[in-house]
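Visitor: Build me a model:
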Amino acid sequence: MARPTLEELADRLEIDDLLTRYATALDDKAFDALDSVFTPDAHIDYTSTGGTAGEYPAVKAWLADVLPSFPAYHHIVVNRRVAISGETAASVSVLFNPMVMANGDTFFCGAEYHDRLVRTPAGWRIAERIEKSVWNYGAVPAAPPA
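Guide: I've put the predicted structure just below:
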């Protein structure tokens, strides 16, 4: 296997930072920070884990409405596999997501993010994200909390 170029290493570091920025924005409830993660027309699909699907602005509003109803949670994104091809990239990363509900019950989600990324003048952005549920444990709610 050939050693990566400095540009390839820089791209991978930027994409790694992008994936971390996503998780940090959710966990900090800093939903406007997601504007530096997704393209304005990104398609996002969280339906396999009981969420919504749609274009970025609508999904951002849904996240800002639903996630604060959980007293505590973490989005831990690891095992990132990234394949860069010029101005685009594909990424699969593993999500571990403990969620505490208002009644004190905790449930855990294991999922994968399947992303299509594009290089923009502002840097790498996610143009499509599909979350794929792998497993759940605990008192998973039938619907997001009201």
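Visitor: so Leu18 sits in a helix?
Guide: Yes: under DSSP: H, G, I helix; E, B strand; the rest coil, Leu18 sits within a helix.
Visitor: who's in contact with it?
Guide: When contacts are counted by Cβ atoms under 8 Å, 6 or more residues apart in numbering, Leu18 touches Val37, Leu117, Gly123, Trp124, Arg125, Ile126. (Each C-beta comes from the backbone N, C-alpha and C, glycine too.)
Visitor: The third one reaches Glu14, doesn't it?
Guide: This points to Gly123. Yes: counting by Cβ atoms under 8 Å, Glu14 is a contact partner of Gly123 at 5.9 Å.
Visitor: between the contacts of Leu18, which has the most around it?
Guide: Leu117 (27 neighbours; other Cβ atoms under 10 Å).
Visitor: can you pull the contacts of that residue?
Guide: Leu117 sits next to Ile15, Leu18, Thr88, Ala89, Ala90, Ser91, Trp124, Arg125, Ile126, Ala127 when contact means Cβ under 8 Å, 6+ apart.
Visitor: Could I get the pLDDT score of the third one?
Guide: The per-residue pLDDT reported for Thr88 equals 98.
Visitor: just the first one next, same as before
Guide: For Ile15, the pLDDT comes out at 98.
Visitor: Ala143 now?
Guide: 59.
Visitor: For the protein, give me the ranges with low pLDDT.
Guide: 142-146 (pLDDT under 70).
Visitor: Need the residue closest to the centroid of it.
Guide: Tyr22 (5.6 Å; Cα atoms, centre = their mean).
Visitor: Provide the secondary structure category for it.
Guide: At Tyr22, secondary structure determined by three-state DSSP is helix.
Visitor: Now do the same contact list for it.
Guide: Leu34, Val37, His75, Val77, Ile126.
Visitor: From the contact counts, what lies against the host helix or strand of Asn136?
Guide: For Asn136, the element it lies in under DSSP states H and E is strand 123-138. If you count contacts as 3 or more Cβ pairs under 8 Å, 6 or more residues apart in numbering; DSSP states H and E, strand 123-138 packs onto helix 6-27, strand 38-45, strand 106-120.
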